[in-house]
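Student: What shape does this take:
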Amino acid sequence: QDQNVSDEPRLPEEQDYQDQIQDQVPVEDQRGRADDEVERVMIEVFPGVEMPLRGSAETQAAITEGRIKSATCLDCTLSLCCILDAEYVLCPLCHCISPLDVSATQQMMGSFGVGLGFVSDDPH
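Tutor: Numbering: from 1, shown residues only. I've put the predicted structure just below:
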């Protein structure tokens with residue numbers, strides 16, 4: 001008997017979770033190829049404007065590879081670091097989303113999304 005399929009109605013929490021999953025989009029690597037095993041959560045940057053959130057796994061990989069840059073939260077002025085090719089940074093202290101300076105080269109290379117801001121112990 002197949003027990004994976006249920007005809008019972010879902011609880012409201014289950015429906016909310018299913019709706020969140022449907023709102024996710026595939027992750028693309030530096031070469032623009034979709035990674036079918038990872039899905040990206042969208043975050044609202046401005047009313048009605050959503051961008052992909054560059055999550056903790058991607059941020060950790062960027063740290064390991066040295067693909068990070070300095071940033072400053074425009075609300076609380078905290079000095080942050082974030083993934084090099086993000087367009088915005090999410091402050092871990094005040095949760096404000098601040099735009100980043102994105103060079104023309106970075107725009108051509110495909111800067112996108114909201115990077116997780118983090119505080120680095122390394123001053124460089």
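
Student: In this structure, where is pLDDT below threshold?
Tutor: Across the chain, the ranges flagged by pLDDT under 70 are 1-38, 103-108, 122-124.

Student: All the strands of it, in order from the start?
Tutor: Using DSSP state E, the strands of the chain run over residues 25-28, 34-40, 42-46, 49-54, 68-72, 79-83, 88-90, 97-99, 114-116.

Student: Most tightly packed of those?
Tutor: Of all the strands of the chain, strand 114-116 carries the top mean neighbour count, a mean of 25, counting by mean count of other Cβ atoms under 10 Å. Where you see a C-beta, it was placed from the backbone N, CA and C, and this is true even at glycine.

Student: ok, it: who's next to it in the sheet?
Tutor: Taking DSSP bridges as the criterion, strand 114-116 forms sheet pairs with strand 49-54 (parallel), strand 88-90 (parallel).

Student: Outside of the longest one itself, which residues are in contact with it?
Tutor: If I follow you right, that is strand 49-54. Contacts made with strand 49-54 from outside it, assessed by Cβ atoms under 8 Å, 6 or more residues apart in numbering, are listed as 25, 27, 40-45, 83, 86-88, 90, 112-116.

Student: got TSV for the strands of the chain, with distance to Ala62 too?
Tutor: As requested, the strands of the chain are exported to TSV (distance: least, Cβ to Cβ, whole Å):
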stretch	distance to Ala62
strand 25-28	13
strand 34-40	14
strand 42-46	18
strand 49-54	8
strand 68-72	6
strand 79-83	4
strand 88-90	12
strand 97-99	18
strand 114-116	8
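
Student: Sounds good, over and out.
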